[in-house]
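# Using only what follows, build the 3D model:
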Amino acid sequence: MLKLSILLGSRHFVWAILFGPVFWISWRYLSGALYYGEFIHLTGELSARLLIITLAVTPLRRLFPRKLWTAWLLRQQRYLGLAAFAYAVPHMIAYLFKLSDGSRVLKEAGEIGMLTGWLAMLIFVALAITSNDASIRALGKRWKSLHRFVYAAAILTLLHWILTSFDPTEGYIHAAVLLGIQSLRFLPKR
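Coordinates of the predicted model:
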């Protein structure tokens, strides 16, 4: 049990679990084992799921304040958010390479489904750049205000999924899960 505790406390282990799959998925796409549509769907879905998990940490911690697993999740929250970004980046890059035409990208960016994705990515970039101890110290109280934009990024991400998907059912399900998790915030503290 002690070895498992040490392993789960290791930052490198957490990074491998969170970031390893994105390298594996990207390698499979680049080697031709995954088609473009599969890659886009998989990276987008995993990014959205990691974002939902990231946003679930605080409500779960409020619901189960004395549980060790919620304390562990709270310590990993920043890594979870960065992992969500790490899956969104190859999602975007694959899209840009597939189109490989700047004017077409700009034209599609004006469509509401794509616009929501681009706005979410802009927020993701700002949050990822400032997800370090130096930024927390430099920004002080403003850091927390900036990182509250993660809620807007989540809404935009799920709207992007719903509006651009051939079958938006999964996007609606994920949106309902996020809404359910966030509604836990309104429960009285235990």
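# all helices of the chain, in order?
Per DSSP state H, the chain carries helices over the ranges 2-9, 11-30, 36-63, 68-99, 102-109, 112-129, 133-139, 141-147, 150-164, 169-183.
# Adding mean neighbour count and mean pLDDT, write these out as TSV.
(Each C-beta comes from the backbone N, C-alpha and C, glycine too.) Below are the helices of the chain laid out as TSV (neighbours: other Cβ atoms under 10 Å; pLDDT from 0 to 100):
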stretch	mean neighbour count	mean pLDDT
helix 2-9	10	54
helix 11-30	14	92
helix 36-63	19	95
helix 68-99	18	94
helix 102-109	12	87
helix 112-129	18	96
helix 133-139	11	92
helix 141-147	12	91
helix 150-164	20	96
helix 169-183	15	94
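# and the residue most central in space within the chain, what does it touch?
Compute the mean C-alpha point of the chain, and by Cα atoms, centre = their mean the closest residue is A84, 2.7 Å away. Going by Cβ atoms under 8 Å, 6 or more residues apart in numbering, A84 touches S47, A48, L50, L51, T54, F124.
# shouldn't the fifth one be in contact with L82?
No - with contacts counted by Cβ atoms under 8 Å, T54 stays clear of L82, the gap being 9.1 Å.
# still on that earlier bit, please identify the one among the contacts of A84 that lies nearest to K141.
The shortest separation between K141 and any of these is 20.9 Å, and it belongs to T54 (by Cβ to Cβ).
# Name all residues that make contact with the closest one.
For T54, the contact set (Cβ under 8 Å, 6+ apart) comprises Q77, L80, G81, A84, V150.
# Show me which of these is closest to L159.
Within the contacts of T54, proximity to L159 (Cβ to Cβ) peaks at V150, which comes in at 14.8 Å.
# Just give the nearest non-adjacent residue to that closest one, would you?
Counting by Cβ to Cβ, 6 or more residues apart in numbering, V150 lies nearest to L127, which is 6.1 Å off, once chain neighbours are set aside.
# List the contacts of the one you found.
Under the criterion of Cβ under 8 Å, 6+ apart, the contact partners of L127 comprise G81, F85, L146, H147, F149, V150, A153.
# The second one against A126, yeah?
This means F85. No - checked against Cβ under 8 Å, the pair F85 and A126 is beyond contact range at 10.4 Å.
# residues contacting R185?
Listed by Cβ under 8 Å, 6+ apart, the contact set of R185 reads T58, P59, R62.
# repeat that for 7 Å
Contacts for R185 (Cβ atoms under 7 Å, 6 or more residues apart in numbering) come out as P59, R62.
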